[in-house]
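> With the sequence up front, the predicted model follows.
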Amino acid sequence: MKSIAPIVLVLLLAISCKKQPTTIDNKTASVTYEIDSNTVRKHLYTLASDEMEGRGTGTRGIEKAAVYIENEFKRIGLATFQDLETYRQTFSFENRRTQEKITASNIIGVLEGKSKRDEFVVVSAHFDHLGIRKTTGKLDSIYNGANDDASGVTGVLALAEYFKNKGTNERTIVFVAFTGEEMGLKGSTHFGKGIDANKFVAGINLEMIGKTPSFGPNTAWLTGFDRSDFGKIIQQNLEGTGYQLYPDPYKKFNLFFRSDNASLARLGVPSHTFSTTPIDVDEDYHQVSDEAATLNMTVITQTIQAVAKGTESIINGVATPTRVVLEENSTPKMRSN
């Protein structure tokens, strides 16, 4: 997540990484969601390993992460985006702090839709973090960014494989690992410049989904809940599953505009961020202590399952969220097509 001043109050309860049941309790659903904790663990521990060197934008470490994501997209069988010859969307920008020119790449894979292939849904997370920063008195200098946001990229990869295997997406799904989020939403801003926003139906962004929310187990929260009816659609689809989605409880942090969903939202796309982390008390946020071992595999896995189930009607072309509203105090009505 783009930097905010963390308010550190208490250390979160220790979170177990033991293998746990990985299906949502859904008495009304007729399918089991094939997203297991072993796959989640593999992606998370790889992306948040010291080998990735904190995935700083423009560094050797993020290049390793990019190759990993590319290989996963290829293994899953995703197509490339628009007229790109590879999964990379490469661009350059100037580091405002150092005036250095940085070349970076978003990693994009596409699962083409069936009857509505010209309507697009973005599933995204940012794969950059803070890199290596030597600090006096600290032995560990690698900011691994396990929760922020290797957990979200883990979700993107798991959802790509899930929807590919399911094969029921009527709309085209664009899976994106954005770069440069920590430097000011650079990757998602560049992505937004090259699309026809009118063709993009929704944006599903995953950010810091590795810790138990303040609402308790089997819950997540959504930024910008009142800015479209996207969240209400998700809530309807999750009825009977035992999983609940809440509006963002941290309004003072203005989180709707601090993650990559904002770049699409500014174009009118109903693009929102799912999260689970109690950001107001998270001591690991933007610290070297943000390690994979501090995260809860069950929380991540069940959140990914909930996103799969909750967005099903959007992916399948049944529901269409209202366009996002950037003004305050609006309550959109839900519609379907």
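Structure's in. What do you need? Numbers count the residues shown, from 1 in each chain.

> for the stretch 201-337 of the chain, what spans make up the helices?
Under the criterion DSSP state H, counting those that start in this stretch, the stretch 201-337 of the chain contains helices at 230-237, 261-265, 297-310, 312-315.

> C-alpha coordinates for the last one, CSV please?
The C-alpha atoms that make up helix 312-315 are tabulated as CSV, following Å, rounded to 0.1, in the frame of the first residue of the first chain:
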residue,chain,number,x,y,z
GLU,A,312,-18.8,-14.5,-9.8
SER,A,313,-21.8,-12.6,-11.1
ILE,A,314,-19.6,-9.8,-12.4
ILE,A,315,-17.1,-12.2,-14.1
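
> does Ser188 belong to a helix or a strand, and which?
Per DSSP states H and E, Ser188 falls inside helix 186-193.

> Return the set of buried residues in that helix.
Of the residues in helix 186-193, 186-192 count as buried by neighbour count, 16 or more other C-beta atoms under 10 Å. All C-beta atoms are positioned from the backbone trio N, CA, C, and that covers glycine.

> Relative to Thr189, how far out is the residue nearest the centre of the chain?
For the chain, the residue nearest the mean C-alpha position is Leu206 (2.0 Å; C-alpha atoms, centre = their mean). Distance of Leu206 to Thr189, given as C-beta to C-beta, to the nearest Å: 18 Å.

> so where's this structure uncertain?
By pLDDT under 70, the weakly predicted segments of the chain are 2-33, 136-137, 328-337.

> That one: strands as residue ranges?
Ranges of strands in the chain, per DSSP state E, are 88-94, 101-111, 116-126, 131-132, 142-143, 171-178, 200-206, 219-222, 244-247, 271-275.

> Could you export the second one as CSV, CA atoms only?
Right, strand 101-111. Extracted C-alpha coordinates of strand 101-111, given in CSV (Å, rounded to 0.1, in the frame of the first residue of the first chain):
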residue,chain,number,x,y,z
LYS,A,101,15.0,7.6,-14.7
ILE,A,102,13.5,4.2,-13.8
THR,A,103,12.3,1.6,-16.3
ALA,A,104,9.7,-0.7,-14.9
SER,A,105,7.0,-3.2,-16.1
ASN,A,106,3.5,-4.2,-15.2
ILE,A,107,3.0,-7.9,-15.7
ILE,A,108,-0.4,-8.6,-17.5
GLY,A,109,-2.1,-11.8,-18.5
VAL,A,110,-5.5,-12.1,-20.1
LEU,A,111,-8.3,-14.8,-19.9
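
> what's it packed up against?
Using 3 or more C-beta pairs under 8 Å, 6 or more residues apart in numbering; DSSP states H and E, the elements in contact with strand 101-111 are helix 60-76, strand 88-94, helix 151-166, strand 171-178, helix 186-193.

> try it again with 6 Å
In terms of contacts (3 or more C-beta pairs under 6 Å, 6 or more residues apart in numbering; DSSP states H and E), strand 101-111 is packed against helix 60-76, strand 88-94, strand 171-178.

> from those, which stretch is densest packed?
Among these, ranked by average contacts under mean count of other C-beta atoms under 10 Å, first place goes to strand 171-178 (a mean of 26).

> Within the sheet, what are the partner strands of that strand, with directions?
strand 101-111 (antiparallel), strand 116-126 (parallel) (DSSP bridges).

> in the last one, what's buried?
Same thing as strand 116-126. By 16+ other C-beta under 10 Å, the buried positions in strand 116-126 come out as 116, 119-126.

> Quickly name whichever of the residues you listed is closest to Thr320.
Glu119 (8.4 Å; C-beta to C-beta).

> quick one, which of the strands paired with strand 171-178 is nearest to Asp229?
Per C-beta to C-beta, nearest to Asp229 of the strands paired with strand 171-178: strand 116-126, 15.3 Å.

> and the angle for the closest one with helix 297-310?
Angle, strand 116-126 to helix 297-310, by axes from the mean of the first three to the mean of the last three C-alpha atoms, to 10 degrees: 160 degrees.

> re the thing from before, JSON lines for the strands of the chain, including distance to Glu63?
Shown next, in JSON lines, are the strands of the chain (distance: least, C-beta to C-beta, whole Å):
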{"stretch": "strand 88-94", "distance to Glu63": "11"}
{"stretch": "strand 101-111", "distance to Glu63": "9"}
{"stretch": "strand 116-126", "distance to Glu63": "15"}
{"stretch": "strand 131-132", "distance to Glu63": "12"}
{"stretch": "strand 142-143", "distance to Glu63": "15"}
{"stretch": "strand 171-178", "distance to Glu63": "13"}
{"stretch": "strand 200-206", "distance to Glu63": "22"}
{"stretch": "strand 219-222", "distance to Glu63": "31"}
{"stretch": "strand 244-247", "distance to Glu63": "35"}
{"stretch": "strand 271-275", "distance to Glu63": "26"}
